[in-house]
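Asks: Next comes the sequence, and after it the predicted model I'd like to discuss.
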Amino acid sequence: MISYTSFAFFILYFGITYLLYIIFPQKAKWCVLLAGSYVFYFISSKGHIVSLLAATLIVWGAGLWIEKLNATLKAKRKGLEKAEKKALKKKYSRYKNWVLTFGVILTLSLLLVSKYTNFFIGTANALFKTGIGEVDIVQPLGISFYTMMAISYLIDVHSGKYAAQKNPFRVGLYLAFFLTIVEGPFARYDHFGTQLQEGKRFDPSDFVYGAERVMWGLFKKVVIADRAAEFVDVVFDNSNKYSGVVVAAAILFYTLQLYCEFSGVMDVMCGLGEMMGLKLPENFTRPFFAKSINEFWQRWHITLGAWLRDYIFYPISFSKPFMNASKKARAKFSPYYANLIPTAVALFFVWFSNGFWHGAGWKYIVYGLYYYVLMMIGMFMEPLFRKLCEKLKIDRTSKAFGIFQMLRTFVIVNFGMLIFRADTLTQAGKMLVSIVTNPNIRAMLPGAHNGLGLDINDYIIIVLGAFIVFVFGLVQEKGVDIRAKIAKLPFIVKFIMFMAFLFVIVIFGAYGEGYGKVDLIYANF
């Protein structure tokens, strides 16, 4: 695909699209974005665009069908008695549910067939000792992202949150927009679809404000993440050769790599969106300052968590069977556990879906359930923890305890990252054991001829880069709006800062001779 951080993307692709977006009249700006998005997708996906077009037509057609049923119901209700209106509403609600189910199943089947067919075949072979061969299927670029956005669009139209879009090309732009289709964020139609259609006139302040964020994102991605990837890939691809501190460092470096790449790309996308006058939803808010797993996932990949909450957790929690289960629980347990037990059941489906969405493999499901189990332990043991802290006279509101919670959460997240990055669960287990069974500290030292792909300069840049990200995060965590502060500076000062940051990226970026090309991690999902 065309890399979001490549010269070709910024100059040849985004530059041309952005220039046309500025030139074209306001009413036609969305057409520029649509054409640019499809050109980008067609080239990046090497022509595999059928699934995207099919998903667009399915949700457009199903949305209009639901809209027509709503209009028909409204027309037929006139002049009817209350009981007749109720019966008619029930009848049409059933029709709408059928259309919604049909649309969701069709859309979801595109994802399941292309991404999970071989997973299902492998699972069947393992369980039933069958010998079904794997199928050679191309996974369309960004299908995990645009499928979820398509489903949210259908569900929202069904619930009456907004009217169905009559123009299929506008639905197509919402699903295929080039800044969101590869790595997200999950943008909702009522928030972002309308922005895409309106088109905003060129504003120099938007350009400057967005460019600042693009620079910050490139710094995290090109200077830190891509350099850390060299170390990570060597260790994980040859895990039988390394142990101890090297493996522990590889896990930490991968956590740093994934965060700086994913959040960095989100900064680039949000910054480019701001240059166009578009406000994309935030996907990260300093997750490593979280004091619990629950808080971590409220700060990490925020739009995925919000999607799972709104379209899986809430529908399950407010379904009739679960409401009845809650009533029975209240009759048997204390108020705390009566509310927690049904919630725990609903959260199982959320975390299973979280893992399953990330990839076609059992390690991803285990990855999701890893967080689920730890979260459940914390929630079910909370009354005991609270009493224990009271008995030991531990102030849970103190700064020291807060730091302990952040460190604890950081360690838990790193174990999760090991599961996420390892090729198999077996490899993850062996690497974890090797940390304590063979703590080879000298292998990490520069000049140890360990083949880790980095020299002393690389280590210094990674550490300094991580420190800068931490300091900026710490300042923001204290409520300081850094970008607002920069905006108030004189133009010449801002220009010097911008050029200095640009030189840092150009000089210290991990590209060129000695560095391999690093593909976007989440582009594979």
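Replies: It's in. As the structure is a computational prediction, the values presented were derived from the model and not from experiment.
Asks: and the spatially most central residue of the chain, what is it in contact with?
Replies: The chain has residue 301 as the residue nearest its centroid, 4.0 Å off, counting by Cα atoms, centre = their mean. Shown in contact with residue 301 (Cβ atoms under 8 Å, 6 or more residues apart in numbering): 184, 262, 283-284. For the C-beta atoms, the positions are set from N, CA and C on the backbone; glycine is no exception.
Asks: wait, is residue 394 part of a helix?
Replies: No - using DSSP: H, G, I helix; E, B strand; the rest coil, the assignment for residue 394 is coil, not a helix.
Asks: Name the nearest residue to it, ignoring sequence neighbours.
Replies: residue 401 (6.5 Å; Cβ to Cβ, 6 or more residues apart in numbering).
Asks: next one: the strand or helix carrying the one you found to chain centre, how far?
Replies: If you go by DSSP states H and E, residue 401 is part of helix 399-421. From the chain centre to the centre of helix 399-421 is a distance of 19 Å (Cα atoms, centre = their mean, to the nearest Å).
Asks: Can you mark which positions in that helix are buried?
Replies: 406, 409-410, 412-413, 416-421 (16 or more other Cβ atoms under 10 Å).
Asks: just to revisit the earlier point, ok, which pair from the contacts of residue 301 is furthest apart?
Replies: Farthest apart among the contacts of residue 301 by Cβ to Cβ are 184 and 284. That separation is 10.9 Å.
Asks: higher neighbour count, these two?
Replies: residue 184 (28 against 19; other Cβ atoms under 10 Å).
Asks: What is the burial count for the closest residue to the more buried one other than its chain neighbours?
Replies: Using Cβ to Cβ, 6+ apart and skipping residues adjacent in sequence, the residue nearest residue 184 is residue 145, 5.2 Å away. Residue 145 has 24 neighbours, counted by other Cβ under 10 Å.
Asks: do the same with residue 380
Replies: 14.
Asks: what do you get for residue 367?
Replies: Residues near residue 367, counting by other Cβ under 10 Å, number 25.
Asks: Residue 435 touches residue 244, doesn't it?
Replies: Yes - the pair residue 435 / residue 244 is scored as a contact, 6.0 Å apart, by Cβ atoms under 8 Å.
Asks: Show me the common contact partners of these two, please.
Replies: Contact criterion Cβ under 8 Å, 6+ apart; no residue bridges residue 435 and residue 244 by contacting each.
Asks: so what's residue 84 scoring on pLDDT?
Replies: If you check residue 84, the pLDDT there is 84.
Asks: what's the pLDDT at residue 38?
Replies: Per-residue confidence at residue 38 stands at 96 (pLDDT).
Asks: Counting neighbours, show which residues of the host helix or strand of it come out buried.
Replies: Here residue 38, judged by DSSP H and E, is contained in helix 29-44. Buried residues in helix 29-44, counted by 16+ other Cβ under 10 Å: 29-34, 36-38, 40-41, 44.
Asks: other SSEs contacting it?
Replies: Where contact means 3 or more Cβ pairs under 8 Å, 6 or more residues apart in numbering; DSSP states H and E, helix 29-44 is packed against helix 15-23, helix 168-176, helix 194-198.
Asks: Name the residues that touch the last one?
Replies: Right, helix 194-198. Here helix 194-198 makes contact (Cβ under 8 Å, 6+ apart) with 26, 30, 33, 170, 173-174, 177, 278-279.
Asks: what helices or strands is the helix or strand just after that helix leaning on?
Replies: Following helix 194-198 in sequence order, the next helix or strand is helix 204-218 (DSSP H and E). Judged by 3+ Cβ pairs under 8 Å, 6+ apart, the packing partners of helix 204-218 are helix 244-275, helix 482-487, helix 491-508.
Asks: Out of those, indicate the one that is most buried.
Replies: Comparing the helices and strands packed on helix 204-218 by mean neighbour count (mean count of other Cβ atoms under 10 Å), helix 244-275 ranks first with a mean of 23.
Asks: Run the angle between that helix and helix 399-421 for me.
Replies: Per axes from the mean of the first three to the mean of the last three Cα atoms, to 10 degrees, the angle that helix 244-275 makes with helix 399-421 is 90 degrees.
Asks: now for the next helix or strand after helix 244-275, which elements pack on it?
Replies: Note on helix 244-275: by DSSP H and E, the next helix or strand toward the C-terminus is helix 293-299. Secondary-structure packing of helix 293-299 (3+ Cβ pairs under 8 Å, 6+ apart): helix 362-391, helix 399-421.
Asks: Dump those into CSV; add distance to residue 322 as well.
Replies: Shown next, in CSV, are the helices and strands packed on helix 293-299 (distance: least, Cβ to Cβ, whole Å):
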stretch, distance to residue 322
helix 362-391, 17
helix 399-421, 28
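Asks: Would you tell me which of these gets closest to residue 255?
Replies: Nearest to residue 255, of all these, is helix 399-421, at 4.7 Å by Cβ to Cβ.
Asks: Other residues contacting that closest one?
Replies: 232, 236, 251-252, 254-255, 258, 287-293, 295-296, 358, 363-364, 366-367, 370-371, 374, 394-395, 425, 428, 431-432.
Asks: Work out the gap between stretch 14-30 and the centre of the chain.
Replies: For stretch 14-30, the distance to the chain centre is 28 Å (Cα atoms, centre = their mean).
Asks: which residues are contacting that stretch?
Replies: Residues contacting stretch 14-30 (Cβ under 8 Å, 6+ apart): 31-33, 36, 40, 170, 173, 178, 196-202, 272, 275-276.
Asks: So for residue 513, what's the pLDDT?
Replies: At residue 513, pLDDT is 61.
Asks: scratch that, residue 445 is what I was asking about
Replies: If you check residue 445, the pLDDT there is 60.
Asks: ok, now residue 73?
Replies: pLDDT, residue 73: 87.
Asks: check contacts around the nearest residue to it once chain neighbours are set aside.
Replies: Using Cβ to Cβ, 6+ apart and skipping residues adjacent in sequence, the residue nearest residue 73 is residue 92, 4.3 Å away. Applying Cβ under 8 Å, 6+ apart to residue 92 gives the contacts 69-70, 72-73.
Asks: With residue 396 instead?
Replies: So residue 396 contacts 386, 389 (Cβ under 8 Å, 6+ apart).
Asks: Now it: phi and psi?
Replies: Here is the backbone geometry of residue 396 (degrees, to the nearest 10): phi -70, psi -10.
Asks: what about it, distance to residue 511?
Replies: From residue 396 over to residue 511 the distance is 46 Å, taken as Cβ to Cβ, to the nearest Å.
Asks: go on, residue 282?
Replies: For residue 282, the distance to residue 511 (Cβ to Cβ) stands at 28 Å.
Asks: So if I had to pick from those two, which one is more boxed in?
Replies: Using other Cβ under 10 Å as the criterion, residue 282 and residue 511 rank with residue 511 on top: 18 against 14.
Asks: secondary structure class for the more buried one?
Replies: What three-state DSSP gives for residue 511 is coil.
Asks: mind starting the numbering at 53 from now?
Replies: Sure, I'll start counting at 53 from here, so that last one is residue 563.
Asks: dump the residue contacts of it.
Replies: Applying Cβ under 8 Å, 6+ apart to residue 563 gives the contacts 274, 278.
Asks: if we take the buried residues of helix 81-96, which one ends up nearest to residue 140?
Replies: residue 82 (37.7 Å).
Asks: With adjacent residues omitted, what lies nearest to that closest one?
Replies: residue 249 (5.1 Å).
Asks: cool, and residue 513?
Replies: residue 560 (5.6 Å).
Asks: Quickly note the distance from that neighbour to residue 279.
Replies: Per Cβ to Cβ, residue 560 is found 8 Å from residue 279.
Asks: picking up where we left off before, which one among the contacts of residue 353 gets closest to residue 531?
Replies: Using Cβ to Cβ, those come closest to residue 531 at residue 336, 17.1 Å.
Asks: Apart from its neighbours in sequence, what residue is nearest that closest one?
Replies: Once flanking residues are discounted, residue 336 sits nearest to residue 315: 4.3 Å by Cβ to Cβ, 6+ apart.
Asks: residues near the nearest residue to residue 129 once chain neighbours are set aside, how many?
Replies: Spatial nearest neighbour of residue 129, chain neighbours left out: residue 137 (5.1 Å); criterion: Cβ to Cβ, 6+ apart. Look at residue 137: counted by other Cβ under 10 Å, it has 15 neighbours.
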